[in-house]
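> Give me coordinates for this.
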Amino acid sequence: MNTCKQTKTALVCATIIAGLVPVTAIAASDPAINAAVLPTSRTTTIDTPITVFGTISNAGPGTATGCSVGLQPDASGGGPNPSGLLLSYRAFQSDNATPAAAPDTPVDIAAGTNQAFVLSVSGSGAFNQEIFFDFSCNNGAVTAPVFSGVNTLSLLVGTTASPDIITIGSSPSSDAVIRIPSLGAGEIMAVAAVNIGSAGVTPVADKNTSGAMAGNNEASVIVMPDFGGFDLALDTFICETNPANAECLAPYARSVTTSVGDQPSTFNVFVNSTLGAGVPLYADIARQFIRFYEDTSPSPVSGKGVSGPASSVLPPDAGTLSGATSHAVTSPGPGLVETTTVPDGIWSIVFDTATPGGTVRERGTLAVTVEGGWTAFITGREGGDVYQFGFLSPDISGTPDPTMDISFDTYEEDINGGQTVSSYTGTGSWQPFSFLSGNVAFTPPIAPKGASKPAITQQRPASFRALYNPVYDRATSLSGLAGTYDVIDNNINGGFLSDSGDITFAVDGTFTGTVSPEPGENCTVSGSLTEYGNGKNLYGVDMTISGCMFAGNYIGEGFQRDDHDLVPGSLISNAFRIVFHSVSSSGIAANMNLIPQGVVVIP
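This is a model prediction of the structure:
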């Protein structure tokens with residue numbers, strides 16, 4: 001376990017920026033910077049500052065000048081930071097104790113070096129929100145990309161004190177990375193936690209059981225590991241341990257209910273690679289998080305390290321987030337075999353686009369068929385959703401990884417409800433059942449002879465990385481998908497989900513139904529699902545819509561999934577997602593989110 005200073009202002013060790021992919025700068029001469037924050041969760045009361053460590057890493061090629069730390073709008077919701085949020089920063093030398101500059105004074109960072117900062121944050125009003133920092137250099141011309149849970153801060157500012165749990169993790173390699181040695185193996189991350197806040201809403205008595213230490217300020221908490229919203233090809237379990245010998249106080253489980261006070265509580269998180277696929281070292285997106293939630297149950301736990309339920313869904317008694325830490329995680333994949341020619345699968349994908357205002361990240365789901373078909377549904381950070389339809393052409397002779405050429409059309413929703421269609425081409429590399437990565441660029445349309453080319457202002461080159469999603473290996477069949485589903489509108493209307501229709505799948509894959517995508521538009525839907533013959537959870541979709549303004553023929557892809565997002569705190573099993581586009585050149589793209597009828601009561 002790393003050592004660090006612990007004070008009431010949480011002067012703990014700065015995180016190692018391990019494995020973050022350097023971001024392409026706008027100008028070739030600009031340095032490429034990344035940033036990290038630790039801890040990534042704090043709680044406090046109104047007008048009471050808390051501190052966290054920040055680090056800016058300069059990958060070069062030149063010196064990053066005038067580096068500072070500010071605030072930027074809420075990147076998750078597109079809105080502003082909380083009113084009354086205040087930030088002050090100060091650069092420190094590598095000992096984290098000796099100031100390197102006066103407060104709120106920019107500093108230069110040489111290529112290939114890191115600069116430590118202490119950030120002081122407070123709020124003049126109550127709020128509970130993720131805070132997005134602006135780590136920038138070269139007078140704001142170069143900014144670090146935002147990685148949620150890596151260089152953001154979940155901050156609770158309350159009217160009364162609550163638990164404030166400071167955490168630190170350690171892996172056997174001591175580099176902030178959980179390195180699983182081989183396919184089918186596992187690895188442990190050790191975590192220590194202390195509560196420097198209050199005992200919370202359900203303070204607990206001394207629970208000095210099984211040799212575990214107990215102290216003051218004991219707050220009842222629910223501790224749970226997760227992968228930050230990504231479906232990695234890994235399994236994860238946790239146990240609380242005896243600090244004296246690191247033995248589990250109870251069997252490994254999906255969560256632990258316990259108490260944390262001013263004496264260290266310790267935990268082991270076991271990450272297991274048993275799903276037949278790999279996880280690349282993409283430290284900004286492939287991460288093992290451990291989060292501490294205040295236990296809001298009327299009766300506090302009766303012992304240390306009590307194993308939680310078998311479900312991976314957050315227990316209903318989990319209240320506000322009181323502390324968190326994370327490590328990158330990586331595991332080797334099965335590698336290329338003779339029969340592998342296409343990186344088919346379902347992939348969790350992120351696109352990073354460099355803009356003058358900084359890197360814009362979009363994330364979503366990509367389906368690649370055994371024929372090389374490319375279908376993606378991207379949740380856009382700005383504007384609406386983004387759809388991609390095209391193909392990839394793999395070349396398995398590439399070294400060290402197979403390569404691919406990519407071409408697709410992007411349908412991007414705008415704020416007025418329309419869609420702009422743009423063509424992109426690019427290249428990349430891949431490993432089966434592990435990762436895809438590459439770069440794509442906008443392909444300008446060919447102007448008629450004698451005409452000027454259209455002015456392209458918004459279409460920019462982007463890099464992408466994708467993690468294999470094990471939902472592709474789920475055992476499904478046409479007959480198993482049979483049944484009636486509610487068509488759920490993904491947009492939240494007044495805080496409620498809306499049921500916009502019903503679709504029934506027959507045992508042979510044909511389907512019929514009605515959908516009302518907009519008021520007054522009652523569409524009749526019919527079509528069929530087609531298997532690709534490889535026994536995987538991905539189906540071709542051929543669909544006809546009639547009787548409304550969206551009438552036409554559509555094609556796309558569909559797959560079964562479990563939905564964690566529609567209803568907070570609930571897991572909707574066996575939902576089905578269809579992503580499709582019109583076969584006409586002037587058509588549209590869309591998606592349908594189907595959940596088994598009757599599972600959720602929807603207005």
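
> check contacts around residue 427.
403, 404, 405, 406, 438, 439 (CB atoms under 8 Å, 6 or more residues apart in numbering). Where you see a C-beta, it was placed from the backbone N, CA and C, and this is true even at glycine.

> Now intersect these with the strands, please.
403, 404, 405, 406, 438, 439 (DSSP state E).

> so which of those is the most crowded?
Of all the ones in strands among the contacts of residue 427, the most densely surrounded is residue 404 (25 neighbours; neighbours counted as other CB atoms under 10 Å).

> ok, what's across the strand from residue 375?
residue 367, residue 389 (DSSP bridges).

> Measure how buried it is and give me the count.
26.

> Would you confirm that it contacts residue 578?
No. Using CB atoms under 8 Å as the test, residue 375 is too far from residue 578 to be in contact (10.1 Å).

> Identify the contacts common to these two.
In contact with both residue 375 and residue 578: 556, 557, using CB under 8 Å, 6+ apart.

> And the helices in the chain?
478-481 (DSSP state H).

> show me what contacts the closest residue to residue 581 other than its chain neighbours?
Excluding its sequence neighbours, the residue lying closest to residue 581 (CB to CB, 6 or more residues apart in numbering) is residue 589, at 4.0 Å. Shown in contact with residue 589 (CB under 8 Å, 6+ apart): 387, 389, 411, 419, 579, 580, 581, 582.

> Dump the residues you listed to CSV, plus distance to residue 173, pLDDT and neighbour count.
Listed next are the contacts of residue 589 as CSV, based on distance: CB to CB, whole Å; pLDDT from 0 to 100; neighbours: other CB atoms under 10 Å:
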residue, distance to residue 173, pLDDT, neighbour count
387, 40, 92, 26
389, 41, 96, 20
411, 43, 90, 21
419, 46, 84, 19
579, 39, 95, 24
580, 44, 95, 25
581, 45, 94, 21
582, 50, 93, 20
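
> Format these as CSV; extra columns: distance to residue 366.
Shown next, in CSV, are the contacts of residue 589 (distance: CB to CB, whole Å):
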residue, distance to residue 366
387, 11
389, 11
411, 15
419, 19
579, 10
580, 15
581, 15
582, 20
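
> Among those, which lie within strands?
Those of the contacts of residue 589 lying in strands (DSSP E): 387, 389, 411, 419, 579, 580, 581, 582.

> Got the confidence number for residue 272?
With respect to pLDDT, residue 272 has a value of 95.

> Show me what it bridges to in the sheet.
residue 186, residue 235.

> quick one, domains of this structure?
Residue ranges for the domains of the chain, per automatic domain parsing: 33-158, 165-330, 359-467, 474-596.

> out of those, deepest packed?
domain 165-330 (a mean of 20; mean count of other CB atoms under 10 Å).

> Tell me which of the domains of the chain lies nearest to residue 350.
domain 359-467 (4.5 Å; CB to CB).

> so how far is the first residue of the closest one from its last?
20 Å (CA to CA, to the nearest Å).

> next one: stretch 142-155
26 Å.

> What of stretch 33-46?
33 Å.

> circling back: check the domains of the chain for me: which has the lowest mean pLDDT.
domain 359-467 (a mean of 82).

> from the chain's centre, how far out does that one sit?
Mean C-alpha position of domain 359-467 versus that of the full chain (CA atoms, centre = their mean, to the nearest Å) differs by 20 Å.

> Then stretch 352-371?
13 Å.

> Next: stretch 100-116.
For stretch 100-116 - counting by CA atoms, centre = their mean - the centre lies 29 Å from the chain centre.

> Over to stretch 173-186?
In this view, stretch 173-186 has its centroid 20 Å away from the chain centroid, taken as CA atoms, centre = their mean.

> surely residue 88 meets residue 117?
No. The pair residue 88 / residue 117 is not scored as a contact, 10.3 Å apart, by CB under 8 Å.

> show me the contacts for the residue nearest to residue 525 when sequence neighbours are not counted.
Using CB to CB, 6+ apart and skipping the chain neighbours, the partner closest in space to residue 525 is residue 513 (4.8 Å). Counting by CB under 8 Å, 6+ apart, residue 513 touches 487, 501, 502, 503, 504, 524, 525, 526.

> With residue 347 as the reference, name the closest of the domains of the chain.
domain 359-467 (3.8 Å).

> what about the domains of the chain, which gets the closest to residue 340?
domain 359-467 (4.7 Å).

> how much space between residue 333 and residue 184?
According to CB to CB, to the nearest Å, residue 333 stands 11 Å off from residue 184.

> what does residue 101 give?
50 Å.

> Please apply the same query to residue 370.
Applying CB to CB to residue 370 and residue 184 gives a distance of 25 Å.

> Same check on residue 591?
35 Å.

> Kindly report the same for residue 353.
In terms of CB to CB, residue 353 sits 37 Å off from residue 184.

> likewise residue 140?
48 Å.

> what does residue 546 give?
In terms of CB to CB, residue 546 sits 50 Å off from residue 184.

> cool, and residue 442?
Distance, residue 442 to residue 184, by CB to CB: 42 Å.

> and which of the ones in strands among the contacts of residue 589 is nearest residue 59?
residue 387 (33.1 Å).

> wait, isn't that closest one in contact with residue 376?
Yes. Counting by CB under 8 Å, residue 387 does reach residue 376; the two are 7.0 Å apart.

> Give the intersection of the neighbour lists for those two.
With CB under 8 Å, 6+ apart as the test, residue 387 and residue 376 both reach residue 579.

> Quote the end-to-end distance of stretch 217-235.
For stretch 217-235, the end-to-end distance is 33 Å (CA to CA).

> Run the chain-centre distance for it.
13 Å.

> again, but for stretch 559-577
On CA atoms, centre = their mean, the centre of stretch 559-577 falls 16 Å from that of its chain.
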